[in-house]
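Visitor: Quick one: sequence and predicted model below, then my questions.
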There are 2 protein chains.
Amino acid sequence: MERITATYYIETPYEVAKAAAVLAGEQSSGTFVAVPNETEELKQRFAARVESIEHLQTVWEPAIPGARSKDGNYRRAIVKVSWSIENFGYNLPVLISTLQGNLYEITQFTGLKLMDIDFPESFVKHYAGAKFGVAGCRELTKVYERPLIGTIIKPSIGMSPEQTARIVKTLAEAGIDFVKDDELMSSAANSQFEDRLNAVMNVINANADKTGKKVMYAFNISGETDEMHDRYEKIVNAGGTCAMVSINTVGMSATKKICDQGALAIHGHRNGWGMMNRHPLLGIDFKAYQKLWRLVGVDQLHVNGIQNKFWETDDSVVNSIQSLKEPLFQHKNILPVVSSGQWGGQAFETYRRTQTVDLLYMAGGGIMAHPMGAAAGVVALQQAWKATVDGLTLDEARKLYTEFDKAAEKFGK
Amino acid sequence: MERITATYYIETPYEVAKAAAVLAGEQSSGTFVAVPNETEELKQRFAARVESIEHLQTVWEPAIPGARSKDGNYRRAIVKVSWSIENFGYNLPVLISTLQGNLYEITQFTGLKLMDIDFPESFVKHYAGAKFGVAGCRELTKVYERPLIGTIIKPSIGMSPEQTARIVKTLAEAGIDFVKDDELMSSAANSQFEDRLNAVMNVINANADKTGKKVMYAFNISGETDEMHDRYEKIVNAGGTCAMVSINTVGMSATKKICDQGALAIHGHRNGWGMMNRHPLLGIDFKAYQKLWRLVGVDQLHVNGIQNKFWETDDSVVNSIQSLKEPLFQHKNILPVVSSGQWGGQAFETYRRTQTVDLLYMAGGGIMAHPMGAAAGVVALQQAWKATVDGLTLDEARKLYTEFDKAAEKFGK
């Protein structure tokens, strides 16, 4: 029977092989004592299997609290564990409860991070994956051979639907491809969802009638399930093309159901991600995380940005983008959403390191606070990407393009 | 306008007041630069507010990677931040995106944990909360003035529906109150959900006809939304009284919809919890977490157990039980689910420290692997709780009760 293999980065005060065996036992047929009915035949079919152990360094302080080491050593290793797909069937929540459930609490580990998951093709095939993906989002926005340029409405919260629509009008006229609600904004007291939807879509539809290009607006539908589906329908009826879901806070089951509808591109916002990833030896790595959400079927997924305003290193951001470029069997590739403190200057390094324009490249303040106004902010981003793909340096681009030069003057270091 | 206040335990290489201001800004109307439209009036109404700062110790190593400190100091503090409920309305996912979103990634923090949330009564009243809670679960099982005694089917995975039903029969005849699927088990290749449901409910219904007492069985319905609702209906139709949801992996939106059905008690399993809580300066404390899930409406919530097989300290477990005993306005109190390496011996310390019998007290291996068989395992747990409420010590209980004595012989240290 085919198996799913998880790769963990672990730290343990015990022998690595023993700790790995506890993990495999706890997360399949075992418990803290031998129990009747745990037969050899049952274990053969359902027990998780430690596939490999790669020893890394030994340290003298535990990464996170857990069992004290008798010899003062905490051993790090890469451990691969596999499960038969018979254990869970095609059930992602149960798969996650198995690969990421109680094992974080096992006292035999003073650090445990799920680094990657290898799925057999048959398992991936069961899931439709992204309905739109990179190609579909390009078709919807008519943007080819360069990144989609996007922005987040800022201030995140507090503006009226009319104020929001006015900004969208300016941005649309400047040629923006994509705009999104902030994840803090769904239906605030002075900007009810439906009012904002209607005000914004009036502007977008009018602009599309004129130019033939429809701006993709990701309305934040995150909420309870009925409300999300209700808002989803309203977006479809208003002629919108995208809905945003805060995937960690909404959760996997409800997000899957939204993705399954298939009428809108789904913008997957990963807010809350830091809690699961920031510690080097706790949680989940993006490489594993993105596979799960590609199975769920989001079309766009946040990856942070180069030289961002958060803690994450550029290497980590680059790895995230690369992981989304790797194929997942027959699934459509999805758009990495680059954001956080972006203003165009980072386009050069982003392109140099990833060699891709299959990105949704977003700037919030970097567009909204452009010294010549938001429209110039959009133009500056387009200039930055054109320049980098043309092989220019940042300084060369500044000389060539006024709007980009002004952006660099304000936002550059 | 009424406000929701979050309490954070933070560590920062910057001045605490400055870091707190960044948090409040990022999670409301601010971004990395001032933007047009961020008016004083808007800020007054929608900006998050730093309510208080309590300085704690300074350390010389950051708890988790982030900004380096210029002066080598990392300052710890308790910070309270409040938001107007106008920002999110009655939308728990957006509330969580606000209180637990991007802020974990802010470089100004080298540690951040959400410790507590204070809701105004009006906000809590909007949510029905648990349909059954402690009192409802007692009525369904006819257990009063002592903990509900429960067990987890072990081996967790691999047994056929008939094997599972046979064990349930033994347990039911021994007087067990509650049985649950393991979170690893939902619909495995050799134990399809419906087959297991029917086999188990046949036994439980037959036993109830004979004795007048219906064992509560928590069938694990975790999965995609349609499948969960389908399985929920099947449980109702088969005469079941409870469904289990792995709340972290299913997610808040889909779990809420299940809770809203109101026909079954919902067993909230927190597997994956370690990822969000194990680090002292990252994630969320149980005190905040349980309030969110009480709003969602689970009837039972896992709290681990005294002297458990995981890393968690007894103090932490006791705090969790106490937090579930605290009232949440008009909401029904819910059942703390005590489990992990329990065999009855821990009943004494559990009662001594919590002074409550409003518990669902579960032993898996501790019942299944009892030397005289599973039925004796149930009896041993009942004896342990009777003894502790009667004021006996563990040793006195051993002298009085054979089954408990045998359990102590095998499982005691």
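Guide: Sure, I can see it. Numbering: from 1, shown residues only, chains lettered A, B, ... in the order given.

Visitor: of all the residues in the stretch 51-200 of chain A, which ones are close to chain B?
Guide: Residues of the stretch 51-200 of chain A lying close to chain B by Cβ under 8 Å from any Cβ of the partner chain are A:64-67, A:84, A:86-89, A:91-94, A:96-98, A:100-107, A:154-159, A:163, A:167, A:183-190. All C-beta atoms are positioned from the backbone trio N, CA, C, and that covers glycine.

Visitor: Chain A - how does it break down into domains?
Guide: A:3-125, A:133-411 (automatic domain parsing).

Visitor: which non-adjacent residue is nearest residue A:202?
Guide: residue A:165 (6.8 Å; Cβ to Cβ, 6 or more residues apart in numbering or on different chains).

Visitor: Close to chain B: what parts of the stretch 301-413 of chain A are there?
Guide: Contact residues, the stretch 301-413 of chain A versus chain B (Cβ under 8 Å from any Cβ): A:304, A:309-312, A:341, A:364-366, A:368-369, A:374, A:410-411.

Visitor: show me the contacts for the nearest residue to residue A:412 once chain neighbours are set aside.
Guide: Distances taken as Cβ to Cβ, 6+ apart place residue A:345 nearest to residue A:412, at 5.4 Å, with adjacent residues excluded. Contacts for residue A:345 were tallied using Cβ atoms under 8 Å, 6 or more residues apart in numbering or on different chains; they are A:307, A:384, A:394, A:407-408, A:411-412.

Visitor: and if we set it to 10 Å?
Guide: Contact analysis of residue A:345 by Cβ atoms under 10 Å, 6 or more residues apart in numbering or on different chains lists A:306-307, A:366, A:380-381, A:384, A:394, A:397-398, A:404, A:407-408, A:411-413.

Visitor: pretty sure it is in a helix, no?
Guide: No. Per DSSP: H, G, I helix; E, B strand; the rest coil, residue A:345 lies outside any helix segment and is coil.

Visitor: ok, it to residue A:318 distance?
Guide: Look at residue A:345 and residue A:318: by Cβ to Cβ, to the nearest Å, they are 17 Å apart.

Visitor: ok and the residue in chain A nearest chain B?
Guide: When scored by Cβ to the nearest Cβ, chain A has residue A:251 as its residue closest to chain B, at 0.9 Å.

Visitor: so that residue makes contact with residue B:228?
Guide: No. The criterion here is Cβ atoms under 10 Å, and residue A:251 misses it with residue B:228 at 11.6 Å.

Visitor: joint contacts of these two?
Guide: Residues touching both residue A:251 and residue B:228 (Cβ under 10 Å, 6+ apart): A:93, B:250, B:254-255.

Visitor: related to what we said a few turns ago, count of neighbours near the residue of chain A closest to chain B?
Guide: Neighbours of residue A:251 under the rule other Cβ atoms under 10 Å in any protein chain shown: 25.

Visitor: Can you classify residue A:341 by secondary structure?
Guide: Secondary structure for residue A:341, judged by three-state DSSP, is coil.

Visitor: Actually, residue A:169.
Guide: Three-state call for residue A:169 (three-state DSSP): helix.

Visitor: Any idea how many residues pack against it?
Guide: For residue A:169, the count of nearby residues is 19 (other Cβ under 10 Å).

Visitor: Helices along the stretch 51-200 of chain A, start to end?
Guide: Assigned by DSSP state H, counting those that start in this stretch, the stretch 51-200 of chain A shows helices spanning A:92-99, A:121-125, A:133-141, A:161-173, A:193-211.

Visitor: from those helices, which stretch is densest packed?
Guide: Most buried of those, by mean neighbour count (mean count of other Cβ atoms under 10 Å in any protein chain shown): helix A:92-99, with a mean of 26.

Visitor: how much distance is there from that one to the middle of the chain?
Guide: In terms of Cα atoms, centre = their mean, to the nearest Å, the centre of helix A:92-99 is found 19 Å from the chain centre.

Visitor: Could you name the helices and strands sitting against that helix?
Guide: Under the contact criterion of 3 or more Cβ pairs under 10 Å, 6 or more residues apart in numbering or on different chains; DSSP states H and E, helix A:92-99 touches strand A:3-12, strand A:74-84, strand A:111-118, helix A:252-261, helix A:286-296, strand B:216-220, strand B:242-246, helix B:247-250.

Visitor: Mind checking those for the one nearest to residue A:125?
Guide: Closest of these to residue A:125 is helix A:286-296, at 10.5 Å (criterion: Cβ to Cβ).

Visitor: Given the helix or strand following the closest one, what are its sheet partners and their directions?
Guide: Using DSSP states H and E, the helix or strand that follows helix A:286-296 in sequence is strand A:300-302. In the sheet, strand A:300-302 lines up against strand A:265-269 (parallel), strand A:335-338 (parallel) (DSSP bridges).

Visitor: ok, and which of these has the densest surroundings?
Guide: strand A:265-269 (a mean of 29).

Visitor: pLDDT at the residue nearest to residue A:202, what is it?
Guide: Looking at residue A:165, its pLDDT reads 97.

Visitor: if I pick it, what's in contact with it?
Guide: Contacts of residue A:165 by Cβ under 10 Å, 6+ apart are A:159, A:172, A:195-196, A:198-204.

Visitor: again, only this time at 7 Å
Guide: Residue A:165 makes contact with A:199-200, A:202-203, according to Cβ atoms under 7 Å, 6 or more residues apart in numbering or on different chains.

Visitor: Using CSV, lay out the residues you listed together with pLDDT.
Guide: CSV is the format used below for the contacts of residue A:165 (pLDDT from 0 to 100):
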residue, pLDDT
A:199, 98
A:200, 98
A:202, 98
A:203, 98
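
Visitor: Those into TSV, with extra columns for distance to residue A:14?
Guide: TSV is the format used below for those (distance: Cβ to Cβ, whole Å):
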residue	distance to residue A:14
A:199	60
A:200	57
A:202	63
A:203	62
